[in-house]
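Visitor: Pasted the sequence and its predicted model underneath.
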Amino acid sequence: MCNKITGCDNWLSCEICEDWFHSKCVNIGDEAHKVLQELDTCHWFCAPSNSKVSKVFLSIVKLSDRMKEVENQISKTDRDMQVVSGQMAKVKQDVTKDLQKLSGELNNVKAVVDNHLEKTKQEITLLSTKISEMREGHKEAGMRL
């Protein structure tokens, strides 16, 4: 805060440090002070705050640029994920189709094996019957097999 006694009734508040200054002490004439008071979009900073605010603005600009870069990367990643998701859906369809085909082929092989097994069982049963008949025939003839 300005502690000088100037007889000046025009004061300015620094929007950064919020200290108050006589407009004359900071070389601002009455007409410029009036304009500063009337404009909502006009901001005033004292000399020490003004040197710091440029660093803050530079940091804000850098952060804003970095934020845009990250947002672009997120958008690209979202697009890439949509593409990959579509590709995965296609692969899933293909795998499901292949599994259905293999299941059908496996059922066909199972039917062939079951048929062959049934024929083999029948042949074994027939052979077993013939062997039993031969034993009976030999028993009757006095021969033992």
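Guide: All right, it came through fine.
Visitor: so where's the protein shaky on pLDDT?
Guide: 1-8, 143-145 (pLDDT under 70).
Visitor: Swap in 90 and give it another go.
Guide: Residues of the chain that meet the criterion pLDDT under 90 lie in 1-16, 18, 20-45, 47-48, 50-58, 133-145.
Visitor: how about the strands in it?
Guide: Using DSSP state E, the strands of the chain run over residues 11-13, 20-22.
Visitor: K92 is nearest to which of those?
Guide: K92 sits nearest to strand 11-13 of all the strands of the chain, at 65.3 Å, using C-beta to C-beta. Yep, even glycine has a C-beta here, placed from its N, CA and C like the rest.
Visitor: List the buried residues in that closest one.
Guide: By neighbour count with 16 or more other C-beta atoms under 10 Å, strand 11-13 contains the buried residues L12.
Visitor: Just checking: what are the partner strands of it?
Guide: Counting by DSSP bridges, the strands paired with strand 11-13 are strand 20-22 (antiparallel).
Visitor: ok so, going back, as JSON lines, the strands of the chain with distance to V113 would be great.
Guide: Below are the strands of the chain laid out as JSON lines (distance: least, C-beta to C-beta, whole Å):
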{"stretch": "strand 11-13", "distance to V113": "95"}
{"stretch": "strand 20-22", "distance to V113": "99"}
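Visitor: of all the ones you listed, which lies closest to V91?
Guide: Closest to V91 of the strands of the chain, according to C-beta to C-beta: strand 11-13, at 65.3 Å.
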